[in-house]
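Peer 1: fold the following.
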Amino acid sequence: PGGGTVSTYKAYTLGSSDPDGANIYGRVVFYKYSTTVTLVQMGLYNTTAGSDYVAMIFDGAVEDELETVSHTLDKVDGASGAFATYKYFTIEGDTFYDNIDEYNAHVRVLLDDDVVAAGDIGANAPPVLQQD
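Peer 2: Numbering: from 1, shown residues only. Purely as a prediction, here's the structure:
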């Protein structure tokens, strides 16, 4: 109550990157909260309870395998498949959401040093779902 409604968003698919068959997949959703705040929400399937996964936004497309991290997101709790600390991670800055379509980036989810799920965002992939 009193928190308002966030209705402008873009969702992208995260697919399994684990050749051993863990099949972790899901979505990452970017919400326009205000002109200076973007909220990020993640939902993953087939994560393992008791494990913490690291979620980060990297420069370039998934296949480029670039190592430059542009944003480190919250940890993902293996029991829920969602961010461990809060439902949403906050990215502050007046250009992130408004420029996401041109953003040359991808999201990776790691367990220890292994990429278990990844997906292109921005200029590298159209949203699978969006509301303006």
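Peer 1: identify the bridge partners of the residue most central in space within the chain.
Peer 2: For the chain, the residue nearest the mean C-alpha position is Val28 (3.9 Å; C-alpha atoms, centre = their mean). Beta-bridge pairing for Val28 (DSSP bridges): Tyr12, Met42.
Peer 1: wait, it sits on Asp120?
Peer 2: No - the criterion here is C-beta atoms under 8 Å, and Val28 misses it with Asp120 at 10.6 Å. Using the backbone N, CA and C atoms, a C-beta is placed for each residue, glycine as well.
Peer 1: which neighbours do the two share?
Peer 2: Tyr12 (C-beta atoms under 8 Å, 6 or more residues apart in numbering).
Peer 1: quick check: buried residues in stretch 53-69?
Peer 2: Tyr53, Val54, Ala55, Ile57, Phe58, Gly60, Ala61, Val62 (16 or more other C-beta atoms under 10 Å).
Peer 1: please disregard the earlier target; I meant stretch 113-132.
Peer 2: Val115, Val116, Ala117, Ala118, Gly119, Asp120, Ile121, Gly122, Asn124, Pro127.
Peer 1: repeat that for stretch 17-34.
Peer 2: Ser17, Ala22, Ile24, Tyr25, Gly26, Arg27, Val28, Val29, Phe30, Tyr31, Lys32, Tyr33.
Peer 1: what's the distance between His115 and Phe96?
Peer 2: Not quite, residue 115 is Val, not His. 23 Å (C-beta to C-beta, to the nearest Å).
Peer 1: give me the pLDDT value at Val6.
Peer 2: According to the prediction, Val6 has pLDDT 83.
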